[in-house]
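> dropping a prediction and its sequence here:
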Amino acid sequence: MHEVDDVLGRLRRYPDVEAVNLYAVDAADRLILDAAADALAAAGDGRAAVVDDGYGALTLGAIAAHDLRGVRVHQDLLTGELALSHNARAVALADRYSTHALDRELLDGVRVVLLRLPRALSGLAEIADAIARYADPEVQVFAGARDKYLTPAMNEVLAESFSSVQASRGRQKSRILLAREPRKVGEPPYPIRQQLGELDLEVVAHGAAFSGPRLDIGTRFLIEHLRRMKPDARDAIDLGCGTGILAVALAKARPHVTVIGTDQSAAAVASARATATVNGVADRVRVVRDDAMSAVPDNSADLVLCNPPFHVGAAVHTGSAIKMFTETGRVLRPGGELWTVYNSHLNYRGVVERFVGMTDVVGRNRKFTVTRSVRGMRDGRAD
């Protein structure tokens, strides 16, 4: 048997951003594990699933506490999936779980689900529907989060898929929602499709995809500059592609361009692939689940488009964006361009110039700044 506290104490966030104010385990993880202890013990091997485990605390904590095998896991974010893998190897539990998409294989016959509540209600709706649709009728869902991220709307979303939803008493500024008695379900609510008339394209979106089927205002501002982006580009990358709007818009505007869309979100990747297909550009838009282009070769792109995140979990943190800019400097060919949009108060210009190359502000409105960075040459070598 493994000691739970020993396992949880050894967890890291790597390869996600690590900093003194960012943690691999929190009070909500511990509360979920404690609340679900009896149900996990009764369920036994092969009957437990974990959804959106941050860095492995729920999966490895449950395995260590109850000596479980055959735990099934779905994590939307690749960094979480990789962190769980690294942590599982470090504590010698890598053979106790398997990873899955959000589908029947994840949930068939499952009696207990541990869930970190996603902040997007649409993401929660798709998860709740999948559990109600595929899990055992006696399933118990232990869904938890820090108090500051809980909203009454989460209860309402869970109640659409479960007849019984109860909130636990709080502990250490965390709380559990216990969902039971799955309702009969009709057609799956996701993915959803929406026509964007202003861009003449259709968007397909799964629940956890950023901004859903809508055109977020940062992407809209970046697209206004589409015609100016490196006219002779042949190989382009939509970094953090979300539902694929930028990648598809570029491919439709330039028939000679091949685009790679990358995102670490499984929901985003599925959405972007579907968006490329319904718009007839799937032959030139390839979408991959990747962490900040880590699998993309050096000097392989003429153009990178990016609407970077500035939140890491709950914290406002620039680490993820810096990681993306660093990889962009590696991936761009000399003379290649990065076009990015960001909240003006973050003032990324100096950071982008450092990691990519000479950077100019090409657009600014009340909220956002658009910059163009060119990877240059120094002493015959690329910057």
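Received, thanks. Keep in mind the model is a prediction, meaning the values are calculated, not measured. Numbering: from 1, shown residues only.

> A strand includes A42, no?
No. Looking at A42 with DSSP: H, G, I helix; E, B strand; the rest coil, it is helix, so not inside a strand.

> neighbours of it, how many?
A42 has 12 neighbours, counted by other CB atoms under 10 Å. (C-beta placed from N, C-alpha, C; glycine too.)

> helices along the stretch 251-383 of the chain, start to end?
Applying DSSP state H, counting those that start in this stretch to the stretch 251-383 of the chain gives helices spanning 266-278, 319-331, 349-355.

> can you pull the contacts of the residue nearest the centre of the chain?
The centroid of the chain falls nearest to S265 when counting by CA atoms, centre = their mean (3.2 Å). By CB atoms under 8 Å, 6 or more residues apart in numbering, the contact list for S265 reads 76-78, 208-210, 242, 289.

> related to what we said a few turns ago, lowest average pLDDT across the helices of the stretch 251-383 of the chain?
Lowest mean pLDDT of these: helix 319-331, a mean of 83.

> what's that helix in contact with?
17, 19, 237, 239-240, 292-294, 296-301, 304, 306, 308-310, 312, 338, 340, 342, 346, 348, 351-352, 355-357, 373, 375, 383.

> how far away is E126 from L222?
Applying CB to CB, to the nearest Å, the value for E126 to L222 is 27 Å.

> bridging residues for R116?
The partner list for R116 in beta bridges (DSSP bridges) reads G144.

> give me the number of residues near it?
Per other CB under 10 Å, the neighbour tally for R116 reads 23.

> so what pLDDT did it get?
With respect to pLDDT, R116 scores 97.

> next: the one 10 residues further on.
pLDDT, E126: 98.

> least confident secondary structure element in the chain?
When the helices and strands of the chain are compared on mean pLDDT, DSSP states H and E, strand 315-316 comes out lowest with a mean of 38.

> show me what the longest strand that the chain contains is packed up against.
What stands out as the longest strand in the chain, according to DSSP state E, is strand 332-343. Secondary structure elements in contact with strand 332-343, counted by 3 or more CB pairs under 8 Å, 6 or more residues apart in numbering; DSSP states H and E, are helix 217-223, strand 301-306, helix 319-331, strand 368-374.

> sorry, back to before: output the helices of the stretch 251-383 of the chain as a markdown table; include the columns mean neighbour count and distance to A120.
Compiled in a markdown table, the helices of the stretch 251-383 of the chain are given as follows (neighbours: other CB atoms under 10 Å; distance: least, CB to CB, whole Å):
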| stretch | mean neighbour count | distance to A120 |
| --- | --- | --- |
| helix 266-278 | 24 | 9 |
| helix 319-331 | 21 | 17 |
| helix 349-355 | 17 | 27 |
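
> okay if I get these as CSV plus distance to L68?
Converted to CSV, those look like this (distance: least, CB to CB, whole Å):
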stretch, distance to L68
helix 266-278, 24
helix 319-331, 32
helix 349-355, 43
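
> relative to A36, which of those helices is closest?
For the helices of the stretch 251-383 of the chain, the distance to A36 is smallest for helix 266-278, at 23.8 Å, taking CB to CB.

> pairing partners for the host helix or strand of V165, with directions?
Element membership for V165 (DSSP states H and E) is strand 162-167. Strand pairing for strand 162-167, using DSSP bridges, gives strand 174-182 (antiparallel).

> quick one: mean pLDDT for the partner strand?
Averaging the model's pLDDT scores along strand 174-182 yields 98.

> what comes up buried for it?
Neighbour-count burial for strand 174-182 flags 174-179, 182 (criterion: 16 or more other CB atoms under 10 Å).

> same question for stretch 38-55.
Applying a neighbour-count criterion of 16+ other CB under 10 Å, one finds 39-40, 43, 47-55 buried in stretch 38-55.

> same deal with stretch 249-265?
Residues of stretch 249-265 classed as buried by neighbour count (16+ other CB under 10 Å): 249-252, 254, 257-265.

> now H256: closest residue in space that isn't a chain neighbour?
R234 (6.6 Å; CB to CB, 6 or more residues apart in numbering).

> reformat the buried residues of stretch 249-265 as TSV; add distance to S163.
Output for these, formatted as TSV (distance: CB to CB, whole Å):
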residue	distance to S163
A249	43
L250	46
A251	45
K252	45
R254	52
V257	51
T258	50
V259	45
I260	45
G261	39
T262	40
D263	35
Q264	35
S265	30
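
> turn those residues into TSV, including distance to L11 and pLDDT.
Listed next are the buried residues of stretch 249-265 as TSV, based on distance: CB to CB, whole Å; pLDDT from 0 to 100:
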residue	distance to L11	pLDDT
A249	40	97
L250	39	97
A251	40	97
K252	44	97
R254	45	96
V257	42	97
T258	39	97
V259	36	98
I260	32	97
G261	31	97
T262	26	96
D263	24	94
Q264	19	93
S265	22	95
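
> and of the residues you listed, the nearest to A88?
Lowest distance from A88 to the buried residues of stretch 249-265 (CB to CB) belongs to Q264, with 18.7 Å.

> now that closest one: phi and psi?
Taking degrees, to the nearest 10, you get phi -90, psi -10 for the backbone angles of Q264.

> so what's the residue count around the residue nearest to it when sequence neighbours are not counted?
Distance criterion CB to CB, 6+ apart; nearest residue to Q264, sequence neighbours excluded, is L78 at 3.9 Å. Using other CB under 10 Å, L78 is surrounded by 21 other residues.

> next one: L78 from P182, what distance?
Distance of L78 to P182, given as CB to CB: 29 Å.

> so which residues of the stretch 51-200 of the chain form strands?
Using DSSP state E, counting those that start in this stretch, the strands found in the stretch 51-200 of the chain span residues 71-74, 97-99, 112-116, 140-146, 162-167, 174-182, 192-196.

> which ones are touching G61?
So G61 contacts 4, 7-8, 29-30, 33 (CB under 8 Å, 6+ apart).

> what do you get for L303?
By CB under 8 Å, 6+ apart, the contact list for L303 reads 229-230, 233, 235-237, 257, 336-339.

> any low-confidence regions in this protein?
Residue ranges of the chain with pLDDT under 70: 1, 309-320, 377-383.
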